[in-house]
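>>> Take a look and give me a structure for this.
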Amino acid sequence: MIPACMAARGNRVVRICTIIIAACLLLLAPTAGIAAGRKALPSAGHVLAAGQTQNELKTFLFGLVPKFAAPTDPQEWTKETERLRRRVLDEVILRGVPKSWMTESPRVVWGEMVAGEGYIIRKLRYEAVPGLWVGGLLYEPIHLKGKVPAVLNVNGHVGKPGMTVDYKQARCINLVKRGMLALSLEWIGMGQLGGDGYAHRDQAYLDLCGQAGVSVFYLELKRGLDVLCSQKAADLERVAVTGLSGGGWQTIVISSLDTRVKLAAPNAGYIGFGPRIEYPGDTGDLEQNASDLVSVADYVRLTAMLAPRPALLIYNAKDDCCFPAARALESVYKPVAPVYQLLGAAGRFAYHVNEDPGTHNYLKDNREAFYQFLNRQFVPNDKWIDEDIPVNNEIRSSEVLAVSYPPDNANFYTLAGEMMKSLPARKRPRGDGTAIQRWRDETRSALRNIVKPEPDLAVDPNPARMTTFTERVQRVTGSARRLSLRGKWTLPLVEFVPADSTPDVTTLILADRGLDDVRDVVAEALDRGERVMVVDLLFTGECMPTDRAAWSFAQMIATAGRRPLGIEVGQLGAVADWIHQVQHGKPLRVVAKGRVAGLAALVSAALDPRSFDRLELRDMDGSLKEFLAKRVRYDNAPSAFCFGLLEVADVPELIELAKPTKVEFFAATAQSDAKR
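Sure, this is the predicted structure:
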């Protein structure tokens, strides 16, 4: 329709078509931006240089990349490995996990059997955490003699096929035809566990409650390993784990943290922190960037913790997903190889690069590399079968291999909902006096430890004005500045001052979507004769990354031990201090619109109650628990899902901590018909 229209003769037709196209683009562009998890930049004149926030985010994160130096003392490294393993479990993976989740052995329900050629497939489900059942398929040789190797097979983001994806079936059948046990596990969010409440980033609801969302993935793996190791025929000295992509991530996590695993073969599952920052495809999902993980032990250290146990790192030369061989070998294999040499186990650490097809795969070449490595570590040489056995006629449909699940199976929604019932843990005492003041002091201290406000931020004096900025509201032309905060962060600030007046009050406005979304709020303040400043904090307005969604950077900030909310709070505090210095003690009123800006402003007021005289919250939830009730996604407000925030304080508690600042909630304001 458009080509025909554009080809028509006559200026009038061309003008009509141009208007239609422009209107369609205006309607579609914002929607596409939101769906991708990032907000489009405001149509108001840009203050920041192109890619400014993107570059500053990378610089900030590169400053947090841990350095790995190969150990020189075998005994000291063994002690360090044990210490790191305990720290990762206590401080990251199992942080906040209820004791009721830490049972010694999982409940297992065995289902029907499927007959194969020389083997059987036993269906099962096991309870990973209370109420959450995960399916599995145990491939078992018909004629078992003595103890045999046992392999835990995990899969990645394969969507609907889940654990029944064809290449995984082929690997399990090959293993069982070699006389081994092969347990194939489902992964949360895939296959039959692909419904509502199982999306990986929904673990953020648990993080908000102070319980590590990654614990669900880890306990799913641990309980699956429990099932495999409990089989009578399983040789506990010959237990292996392998998987592709997210399965490769699962492999390194369970293998580094559980020494029952005697051999690990991750396939394109992870990389060092530096490449995750530089290359969007390498960043990974939320569970792969668990809060504080990198600050304790990054993936290079987790790999080194495998030594001296056998490990085969499989990568793909032209990987079209993530972690291509060249980057991964430089990032992980080379730094860790000296550790194996130090421990006298150089022959147990190897890599394989797939060239054909070289894409993200666990096909014949990669499978054969795994079989060869497994054989040389676990199997007498007279029984080696290195070649992939053709089994295409034995691949079964997902329907045939379906596992029975209870209708009320738990998910991230129900697990988080149960936790939220008792939160926050610090209840405000009744009455006033000493008890309430002690509660304020203790809760504010706990809040500071949770949010981790970015320290030492201050606005550099004499910020440069942008002379080309010409945006107008209420016939007042705004003046724009780039505020530099110690050279770490640059924030756009636009100031509007009523003509022929010397305002006594300054209103500072921050909004998730920037200036274009608060022109009406600016106009209201100008009508009252106030000076108005509009600033964008990290992940709002102009301060958005450009090569990937905000949530992707947010999770990297958190895994490095900092908090996106803490950066926003630090930025706002620096701006407020600067305004107080410029305005010489005149009242400062803050208006925040949206969840991200609103929570940053409220937490700032709670931590420093006298920084604002008044705080207005617009389009802000009255409770953090509404995030779950309204299904607010981590993608759309990542900084608001600050680890453990709800455990310490909900919105009512934050308002109490903000006193004497007056905090008011305002409903969304309709846009005026007048052009502003």
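>>> Helix or strand: which one has residue 632?
Secondary structure assignment for residue 632, by DSSP states H and E: no helix or strand.
>>> tell me the contacts of it?
By C-beta atoms under 8 Å, 6 or more residues apart in numbering, the contact list for residue 632 reads 595, 621, 626, 640. From N, CA and C alone the C-beta is placed, and that goes for glycine too.
>>> what's the farthest-apart pair in those?
Farthest pair in the contacts of residue 632 (C-beta to C-beta) is 626 and 640. Separation: 10.9 Å.
>>> Name the nearest residue to the spatially most central residue of the chain, ignoring sequence neighbours.
Closest to where the C-alpha atoms of the chain average out (C-alpha atoms, centre = their mean) is residue 286, at 2.5 Å. Closest residue to residue 286 apart from its sequence neighbours, by C-beta to C-beta, 6 or more residues apart in numbering: residue 201 at 4.8 Å.
>>> Touching, that neighbour and residue 285? I think so.
Yes: using C-beta atoms under 8 Å, residue 201 makes contact with residue 285 at a distance of 6.9 Å.
>>> which stretches of the stretch 401-550 of the chain have low pLDDT?
In the predicted model of the stretch 401-550 of the chain, no residue satisfies pLDDT under 70.
>>> Next, please give the residue ranges for the strands of it.
Ranges of strands within the stretch 401-550 of the chain are 465-466, 472-473, 476-477, 479-485, 489-496, 506-511, 531-535, based on DSSP state E, counting those that start in this stretch.
>>> contacting residues around the fourth one?
Applying C-beta under 8 Å, 6+ apart, the external contacts of strand 479-485 come out as 45, 47-48, 457-460, 463-466, 469, 471, 490-495, 535, 571, 574-575, 578.
>>> Put the buried members of those residues into a ChimeraX selection.
Entered in ChimeraX, the line below selects the buried ones among the contacts of strand 479-485, by 16 or more other C-beta atoms under 10 Å:
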select :47,48,457,459,463,466,469,471,490,491,492,493,494,495,535,571,574,575,578
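>>> if we can go back for a sec, ok, now how distant is the residue nearest to residue 286 from residue 256?
Applying C-beta to C-beta, to the nearest Å, the value for residue 201 to residue 256 is 23 Å.
>>> quick one on the thing from earlier: what separates the residue nearest to the centre of the chain from residue 293, distance-wise?
From residue 286 to residue 293 the distance is 11 Å (C-beta to C-beta).
>>> before we move on, what about residue 465?
From residue 465 over to residue 293 (counting by C-beta to C-beta), the distance is 42 Å.
>>> cool, and residue 194?
Counting by C-beta to C-beta, the gap from residue 194 to residue 293 is 25 Å.
>>> Let me have the contacts of residue 632 in TSV, extended by pLDDT, distance to residue 509 and secondary structure.
Below are the contacts of residue 632 laid out as TSV (pLDDT from 0 to 100; distance: C-beta to C-beta, whole Å; DSSP: H, G, I helix; E, B strand; the rest coil):
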residue	pLDDT	distance to residue 509	secondary structure
595	97	16	helix
621	94	19	coil
626	97	23	helix
640	98	19	helix
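>>> Now do the phi/psi pair for residue 625.
The phi and psi values for residue 625, taken as degrees, to the nearest 10, are phi -70, psi -20.
>>> residues in contact with it?
420, 423, 646, 650.
>>> Correct me if wrong: residue 539 contacts residue 596.
Yes: taking C-beta under 8 Å as the definition, residue 539 is a contact partner of residue 596 at 6.0 Å.
>>> any chance you could map the strands in the stretch 201-350 of the chain?
234-244, 263-267, 311-316, 349-354.
>>> Generate TSV for those strands, with distance to residue 155 as supplementary columns.
Converted to TSV, the strands of the stretch 201-350 of the chain look like this (distance: least, C-beta to C-beta, whole Å):
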stretch	distance to residue 155
strand 234-244	6
strand 263-267	11
strand 311-316	14
strand 349-354	17
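>>> can you list those in a markdown table and add mean pLDDT, mean neighbour count and distance to residue 131?
Below are the strands of the stretch 201-350 of the chain laid out as a markdown table (pLDDT from 0 to 100; neighbours: other C-beta atoms under 10 Å; distance: least, C-beta to C-beta, whole Å):
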| stretch | mean pLDDT | mean neighbour count | distance to residue 131 |
| --- | --- | --- | --- |
| strand 234-244 | 98 | 23 | 25 |
| strand 263-267 | 98 | 26 | 30 |
| strand 311-316 | 98 | 27 | 34 |
| strand 349-354 | 98 | 20 | 40 |
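>>> most neighbours, which of the contacts of residue 625?
When neighbours are counted by other C-beta atoms under 10 Å, residue 646 leads these with 28 neighbours.
>>> ok, that residue to residue 624 distance?
5 Å.
>>> Also residue 113?
Distance from residue 113 to residue 624, by C-beta to C-beta: 47 Å.
>>> Just want to know which of the two has more residues nearby.
Set residue 113 next to residue 624 and count neighbours by other C-beta under 10 Å: residue 624 wins out with 26 against 12.
>>> Comparing residue 194 and residue 293, which residue is more hemmed in?
Counted by other C-beta under 10 Å, residue 194 and residue 293 do not tie: residue 293 has more neighbours, with 25 against 17.
>>> how close does that one sit to residue 87?
Going from residue 293 to residue 87 by C-beta to C-beta gives 10 Å.
>>> Poorly predicted segments of the protein, please.
Ranges of the chain meeting pLDDT under 70: 1-45, 667-676.
>>> domain ranges for it?
140-386, 450-666 (automatic domain parsing).
>>> centre of the chain versus the last one, how much separation?
Taking C-alpha atoms, centre = their mean, to the nearest Å, the mean C-alpha location of domain 450-666 is offset from the chain mean by 23 Å.
>>> cool, and stretch 376-385?
On C-alpha atoms, centre = their mean, the centre of stretch 376-385 falls 41 Å from the chain's centre.
>>> Next, the buried residues of it.
For stretch 376-385, the buried set under the neighbour-count rule, 16+ other C-beta under 10 Å, comprises 376-379.
>>> Provide a list of residues in contact with residue 518.
Per C-beta under 8 Å, 6+ apart, neighbours of residue 518: 509, 511, 534, 591, 593.
>>> now, which of the contacts of residue 625 lie within helices?
Among the contacts of residue 625, the members found in helices (DSSP state H) are 420, 646.
>>> The contacts of residue 625 into a markdown table, with extra columns for distance to residue 445?
Putting the contacts of residue 625 into a markdown table (distance: C-beta to C-beta, whole Å) gives the following:
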| residue | distance to residue 445 |
| --- | --- |
| 420 | 23 |
| 423 | 18 |
| 646 | 17 |
| 650 | 17 |
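>>> Nearest to residue 522 among the contacts of residue 625?
residue 650 (30.4 Å).
>>> Which residues are in contact with the closest one?
Residue 650 sits next to 423-424, 623-625 when contact means C-beta under 8 Å, 6+ apart.
>>> Mind doing that once more with 10 Å?
Taking C-beta atoms under 10 Å, 6 or more residues apart in numbering, we find residue 650 in contact with 420, 423-424, 426, 621-626.
>>> again, but for residue 358
Neighbours of residue 358 in contact, by C-beta under 10 Å, 6+ apart: 315-320, 324-325, 365.
>>> Buried ones only from those residues, please, as a ChimeraX command.
The buried residues among these can be selected in ChimeraX (16+ other C-beta under 10 Å) with this line:
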select :315,316,319,324,325,365
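>>> Tabulate the contacts of residue 358 (TSV), appending distance to residue 358.
Below are those laid out as TSV (distance: C-beta to C-beta, whole Å):
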residue	distance to residue 358
315	10
316	5
317	4
318	4
319	7
320	9
324	9
325	8
365	9
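>>> Which ones among the contacts of residue 358 map onto helices?
325, 365.
>>> Going by distance to residue 528, which of the contacts of residue 358 wins?
Closest to residue 528, out of all of the contacts of residue 358 and judged by C-beta to C-beta, is residue 320, at 56.6 Å.
>>> Which secondary structure element is home to the residue lying closest to the closest one once chain neighbours are set aside?
Computed as C-beta to C-beta, 6+ apart, the closest residue to residue 320 that is not its neighbour in sequence is residue 359, at 4.9 Å. Assigned by DSSP H and E, residue 359 falls within no helix or strand.
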